[in-house]
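A.B. asks: Following is a predicted model, sequence given first.
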Amino acid sequence: MTRSPMLLVTLLWCAGLGAAAQFGKISVIYEELRAIYGSNGELALGLVVSVVGIVGLIFGTTAGLIVARIGPKRAIVAALALGALVSAGEAMLPSWSLMILARVLEGGSHLAIVIVGPVMIAGLAPPARRPFAMTLWSSFFAVTYAILALIAPTVLAMGGIPALFIGHAAWMAAFAVILWLVLPADPRAEATPTGSFWAEHVKIYTSPSMSAPAMGFACYTFLYVACLTLLPAHAPQEMRGLMASAMPLISMAISLTLGVYLLGRLPAVRLVQWGFAVSLPGFALLGLGWGQGLPMLIGGLWVAATLGVVQGASFSAIPELNDSPEGRSGAAGAIAQLGNLGTTTGTPLLAFVLANSGATPMVLIAIASCLAGIWLHSWHAKRRLVQG
């Protein structure tokens, strides 16, 4: 039976929502978990959140290679099933050491989903709809956090932390079954890579087509989570709630509207560069008006909007630069790895600079990250021209 490609894209995006909830479900109950695991120390409590991302940081590219070898359908169905089992186990609120083990397993599940999602979407979406499909995929984190912020209080009031975990397990299990039933079978592999994983890593990161989306994306993730975290916290009190809610919403809205429109008229790589470039005045305004209400609000919304365009265009660059499923898997694995590198390092580094040196040096580092993203894409574009 023929199924609508965009229906399959939507179902894969729903699987992505489940993957994002592997982070989000912990974030919304962080203070509640303090009563359970806080006696182990603040670092131990923080690991309950961050260890999922650390798995991606270490194994992102390796996971992309494994997905290419076993097939994307088998990989995402297995990852969703594993995620369901782990979340159900977490509902029992085990000891800290067992919870960390569960979160490590969840990190593997998360990694496979976020690698397979963009690869399959790029292959399923019709070329005319591909910019929208890739941008839709890029929104899964923002959408999930918004949904969890709305529903988590009610779920917790009804059944406590276990209810949240069981609900997540049910979502993951449901989409494991749905995707197993509706996704096309994995193609029969024509050739299995015989080189070592190390050689395959070298191949990915020396390829200007596979590595370029990830390197630009790392500059984006270095800034984006840090901006959502630090800017509202340092705005005047009356602006904090507005900025905290408006920044992710405007980022998502601009990405799905103006970003999709521009992707139909500009190459994805060029749009990434333009997004970084147009964000520079927003960061400059933040530097000049730090701590002042209107400049902080305008500057924060400005950089959230422009970085939202970078987000969607970065994922669109995967199929734009890589024709083969193997190339797309490698590029998606690199995005997962370097994206986690940016997310892991950006907020603590910029917070440290802000606390010790003030807003101006922090803003200068943010501007330097934007310029690095522009330069890296220009450098890789020249390398692709040389390679023909």
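C.D. replies: Received, thanks.
A.B. asks: Buried residues in stretch 316-325, which are they?
C.D. replies: 316-322, 325 (16 or more other Cβ atoms under 10 Å). Where C-beta positions appear, they are placed from N, C-alpha and C, glycine not excepted.
A.B. asks: repeat for stretch 70-79
C.D. replies: Applying 16+ other Cβ under 10 Å to stretch 70-79 flags 71-79 as buried.
A.B. asks: could these be laid out in JSON lines, adding distance to residue 278 and secondary structure?
C.D. replies: Formatted as JSON lines, the buried residues of stretch 70-79 follow (distance: Cβ to Cβ, whole Å; DSSP: H, G, I helix; E, B strand; the rest coil):
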{"residue": "71", "distance to residue 278": "40", "secondary structure": "coil"}
{"residue": "72", "distance to residue 278": "34", "secondary structure": "helix"}
{"residue": "73", "distance to residue 278": "39", "secondary structure": "helix"}
{"residue": "74", "distance to residue 278": "41", "secondary structure": "helix"}
{"residue": "75", "distance to residue 278": "36", "secondary structure": "helix"}
{"residue": "76", "distance to residue 278": "35", "secondary structure": "helix"}
{"residue": "77", "distance to residue 278": "40", "secondary structure": "helix"}
{"residue": "78", "distance to residue 278": "41", "secondary structure": "helix"}
{"residue": "79", "distance to residue 278": "36", "secondary structure": "helix"}
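A.B. asks: Residue 252 is in contact with residue 304, correct?
C.D. replies: No - Residue 304 is beyond contact range of residue 252, at 9.2 Å (criterion: Cβ atoms under 8 Å).
A.B. asks: Under the pLDDT cut-off, which ranges of the stretch 101-250 of the chain? List them.
C.D. replies: 188-197 (pLDDT under 70).
A.B. asks: By residue count, what's the longest helix in the protein?
C.D. replies: helix 140-182 (DSSP state H).
A.B. asks: would you put the C-alpha positions of stretch 266-275 in CSV?
C.D. replies: Taking C-alpha atoms only, stretch 266-275 is exported to CSV below (Å, rounded to 0.1, in the frame of the first residue of the first chain):
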residue,chain,number,x,y,z
LEU,A,266,18.8,30.0,-1.6
PRO,A,267,21.1,27.0,-1.2
ALA,A,268,21.0,25.7,2.4
VAL,A,269,24.7,26.5,3.0
ARG,A,270,24.3,30.1,1.9
LEU,A,271,21.3,30.5,4.2
VAL,A,272,23.3,29.2,7.1
GLN,A,273,25.9,31.8,6.4
TRP,A,274,23.3,34.6,6.0
GLY,A,275,21.6,33.5,9.3
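A.B. asks: pLDDT on that stretch, on average?
C.D. replies: Averaged across stretch 266-275, pLDDT comes to 93.
A.B. asks: Give the buried residues for that stretch.
C.D. replies: Per 16+ other Cβ under 10 Å, stretch 266-275 contains these buried residues: 268-275.
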